[in-house]
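**Q** just coords:
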């Protein structure tokens, strides 16, 4: 179980400086007067943009167990051997079956 | 004074009487509107009742039939539409504060087709807000008003069960047609993905949303499906495949039909009363000449992760503008799910779709060996209003998670699946049998469900309201 601090809004929003990061990554955009902001794991991989997140700390605390559970599920999905196959281009049922469906 | 027995009939029986001009669509519509006025204060199935529009449509049907222009079995039949479908000139709220005043200027494709078949729309039924859960407040279950109707198409399920319409439309993203159908003791069909147009339906999750019928009997569901199915160029996900005559497919013959009983997942964590009823239902099909055999679904254990990622992410995508600007206008549980959906990463979503393909192939392999898969629709009967957790075999489980557990696989495989009543608990609550079929083979799904229904008395019981 994550601690409230780990799952706090601040934790999710640690990436809110992405504007600065984007500037740092843009070719030729480094200002002469200020050194480029340090690139960190958190600034490089934002989970959400703060402006897009209306959630409060209190609400986020309630969400924490669910998020933690789904993150565990995502870790499991990444371990599933899927070869080199991608998602189906459309989500229609697998091809080749309708012909068999005609059997009385 | 209208005839109070008319709303209690089925479409199959009433349409025959309308065709023979024994009863008028106006009489039937008035009887349904009277019943809504008398009963819906307790059931709360409707968000909006449309008596003026219904009376106009009923009079038009009456005149057309009198002039010899009978359109078919839905002509003059009062039906309800889930409040997620656009209805021209009629409020479409998705049972939400956000769309409280939204009046579309066109009809959803399904509504167009229903009107084209001569159906009389009597109102818009309640949904869990934006179809995002299974409680559907304030609607109550007609079998026990202290219990939930299920959802998200809870208003449609309750309206059909309480005879507040002859049939209704639902939508199904994780089980939202089949769950309320099972809990309310009616028939609900989630067709194959691509069979019915979603044009003009407020989305929850584009790749798992389905539109379909909810009715008192399998024959009525077949009639409704026949009217709403078919390719629609306005919905790129619809398939251009022929639509068979579903009503004619109901031959009663299931001899030689092979029914698969999943070894994994579908019978785990199921209330013993429910499991017993479903296994007895399979035995009934065997008694009519079908054969049952165990099948294995080796990828099904991934379904929880796939579902939560795909549905929550897609829902958060659709709702993102409102979630940013009007977050406090969502109910807390819906907002919870939407905020959660924003926290998945792109690679998780794509990986979930890749694993989803494995699950689809797994079901496809099983359905080369059998014609149908039988399972419970939901693992327990309708929970009490206000409960957030149910105990199944002594273990507590979140109500939402429990209710969608056995239905969500078919949303990701796209396979057609029906829920048909298969018994009652000792407490008198309905139990649903789920039959899952091959893609675009709703005819076999309906044929088996109809044969089962014809051999059992469950559909003949009416909710005590």
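**A** Nice, I can see it. This one's a predicted model, so the numbers in the text were calculated from it and none came from an experiment.
**Q** Let me know whether residue B:26 touches residue B:57 as I believe.
**A** No: contact between residue B:26 and residue B:57 fails when scored by C-beta atoms under 8 Å: they sit 9.9 Å apart. To be clear about C-beta, it is placed using only N, CA and C from the backbone, and glycine gets the same treatment.
**Q** The helix of greatest length in chain A packs against which elements?
**A** Ordering each helix of chain A by length in residues (DSSP state H) puts helix A:57-78 first. Judged by 3 or more C-beta pairs under 8 Å, 6 or more residues apart in numbering or on different chains; DSSP states H and E, the packing partners of helix A:57-78 are helix A:9-12, helix B:303-325, helix B:332-341, helix B:346-369.
**Q** Now mean neighbour count and mean pLDDT too, for the ones you listed, in a markdown table please.
**A** Output for these, formatted as a markdown table (neighbours: other C-beta atoms under 10 Å in any protein chain shown; pLDDT from 0 to 100):
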| stretch | mean neighbour count | mean pLDDT |
| --- | --- | --- |
| helix A:9-12 | 17 | 49 |
| helix B:303-325 | 21 | 96 |
| helix B:332-341 | 21 | 93 |
| helix B:346-369 | 19 | 95 |
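**Q** Residue B:159: which of those is closest?
**A** Minimum separation from residue B:159 across the helices and strands packed on helix A:57-78 (C-beta to C-beta) falls at helix B:332-341, 22.0 Å.
**Q** packing partners for that closest one?
**A** helix A:57-78, helix B:303-325.
**Q** The longest one to helix B:346-369, inter-axis angle?
**A** Orientation check (axes from the mean of the first three to the mean of the last three C-alpha atoms, to 10 degrees): helix B:303-325 against helix B:346-369 gives 140 degrees.
**Q** Specify the beta-bridge partners of residue B:295.
**A** Counting by DSSP bridges, residue B:295 forms beta bridges with residue B:262.
**Q** any idea how far it lies from residue B:312?
**A** 29 Å (C-beta to C-beta, to the nearest Å).
**Q** Where does the prediction get shaky in chain A?
**A** Filtered on pLDDT under 70, chain A yields the residue ranges A:1-33, A:37, A:41-53, A:89-104.
**Q** Which pLDDT value goes with the nearest residue to residue B:462 once chain neighbours are set aside?
**A** Of all residues not flanking residue B:462 in the chain, residue B:8 sits nearest, at 6.7 Å (C-beta to C-beta, 6 or more residues apart in numbering or on different chains). Listed pLDDT for residue B:8 reads 98.
**Q** Return the distance of residue B:8 relative to chain A.
**A** Taking C-beta to the nearest C-beta, to the nearest Å as the measure, residue B:8 falls 35 Å from chain A.
**Q** count of neighbours near that residue?
**A** 15 (other C-beta atoms under 10 Å in any protein chain shown).
**Q** likewise residue B:253?
**A** By other C-beta under 10 Å, the residues close to residue B:253 number 14.
**Q** what about it, which helix or strand?
**A** Under the criterion DSSP states H and E, no helix or strand holds residue B:253.
**Q** surely it meets residue B:448?
**A** No: with contact defined as C-beta under 8 Å, residue B:253 does not reach residue B:448; the gap is 9.9 Å.
**Q** quick one: buried residues of the longest helix of chain A?
**A** Buried residues in helix A:57-78, counted by 16 or more other C-beta atoms under 10 Å in any protein chain shown: A:60, A:63, A:64, A:66, A:67, A:70, A:73, A:74, A:77.
**Q** What of stretch B:398-414?
**A** For stretch B:398-414, burial by neighbour count (16+ other C-beta under 10 Å) applies to B:399-400, B:402-414.
**Q** go on, stretch A:76-85?
**A** Neighbour counts over stretch A:76-85 (16+ other C-beta under 10 Å) mark A:77, A:80, A:82 as buried.
**Q** which ones are touching the last one?
**A** Just to be clear, that refers to residue A:82. When contacts are counted by C-beta atoms under 8 Å, 6 or more residues apart in numbering or on different chains, residue A:82 touches B:351, B:354, B:355, B:357, B:358.
**Q** picking up where we left off before, out of the buried residues of helix A:57-78, what pair is the most spread apart?
**A** Longest span within these, C-beta to C-beta: A:60 and A:77, 23.6 Å.
**Q** still on that earlier bit, mind pulling up the phi and psi values for the residue nearest to residue B:462?
**A** Backbone geometry at residue B:8, expressed as degrees, to the nearest 10, gives phi -80, psi -10.
**Q** Distance check, residue B:331 against residue B:96.
**A** Distance from residue B:331 to residue B:96, by C-beta to C-beta: 8 Å.
**Q** Surely residue B:373 is in a helix?
**A** No: counting by DSSP: H, G, I helix; E, B strand; the rest coil, residue B:373 falls outside a helix, being strand.
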